[in-house]
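> what's the 3D shape of this:
(one chain, ligands or ions: 1)
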Amino acid sequence: MASKKLLTLVFVREHDKILLGLKKRGFGAGKWNGFGGKVEPGESIAEGALRELKEECGLTALELRKIGLVEFEFENDPNLLQVHVFDTYNYQGQITESEEMQPQWYDVKDIPYEKMWLDDTYWYPYMLRSEPFKGYFLYRGMDHIVHHKIEKLDFE
Ligand SMILES: CSc1nc2ncnc(N)c2[nH]1
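Down below sits the predicted model:
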């Protein structure tokens, strides 16, 4: 029976910069990524996004914008990961390294895609242009995309 796991991903933005975190342990360790994680029982997806952002880098988003949705499946694995992607330009707090993540600002021209998930190069351009999108990626192992699709959405 396939199961759907709800996850969040938040990108903190300045004009031409993006805050990424180097994952220090667990799934995706060693890769740069946005901030996020599992949505816990009893919290909304947005509440989960806010909680993970605060836990992982110390920032509180005062305004979260829904930017997209990315779904992942792995061959021979019944779990579907559904990642809800947000960005924020309006936040407060002190950027703080956590046990999970080492935060660092990047110029959007210098995003280290070679040290990130393969799928990022397909959908970051939509996210960076604030163009709502939906993507789907089927992985074989961790380093090979068998099939993908991506489309623009017209969110409200
Ligand atoms: C291959 S599965 C996957 N999980 C992810 N989490 C966050 N950002 C990604 N690009 C991810 N890809």
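> Does Asp16 touch Tyr106 like I think?
No. Taking CB atoms under 8 Å as the definition, Asp16 is not a contact partner of Tyr106, at 9.9 Å. In this view, the C-beta of every residue, glycine as well, is placed from N, C-alpha and C.
> the more surrounded of the two?
Shown here are Asp16 and Tyr106; by other CB atoms under 10 Å, Tyr106 has more neighbours (14 against 10).
> Determine the three-state secondary structure at the more buried one.
The three-state label given to Tyr106 by DSSP: H, G, I helix; E, B strand; the rest coil is strand.
> residue contacts, it?
17-20, 32, 112 (CB atoms under 8 Å, 6 or more residues apart in numbering).
> where's Leu69 relative to the ligand, distance?
Leu69 is 12 Å from the ligand, where distance means CB to the nearest ligand atom, to the nearest Å.
> partners of the helix or strand harbouring that residue in the sheet?
Using DSSP states H and E, Leu69 maps to strand 60-74. For strand 60-74, the paired strands and their directions (DSSP bridges) are strand 79-92 (antiparallel), strand 133-139 (parallel).
> Adding distance to the ligand, write the ones you listed out as a markdown table.
Putting those into a markdown table (distance: least, CB to the nearest ligand atom, whole Å) gives the following:
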| stretch | distance to the ligand |
| --- | --- |
| strand 79-92 | 6 |
| strand 133-139 | 5 |
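> can you redo those strands as TSV with mean neighbour count and mean pLDDT?
Shown next, in TSV, are these (neighbours: other CB atoms under 10 Å; pLDDT from 0 to 100):
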stretch	mean neighbour count	mean pLDDT
strand 79-92	18	98
strand 133-139	19	98
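> re the thing from before, for the contacts of Tyr106, pick the one with the most neighbours.
If you count neighbours using other CB under 10 Å, the busiest of the contacts of Tyr106 is Leu20, which has 24 neighbours.
> quick one: it and Asn33 touch, right?
Yes. Judged on CB under 8 Å, Leu20 makes contact with Asn33 at a distance of 6.5 Å.
> can you list the weak-confidence ranges in the chain?
Scanning the chain for pLDDT under 70 picks out the ranges 1, 155-156.
> OK, now which residue of it is nearest to the ligand?
Sorted by distance to the ligand under CB to the nearest ligand atom, the residues of the chain start with Trp117, at 3.4 Å.
> Apart from its chain neighbours, what residue comes closest to that residue?
The shortest distance from Trp117 to any non-neighbouring residue, by CB to CB, 6 or more residues apart in numbering, is to Lys31 (6.0 Å).
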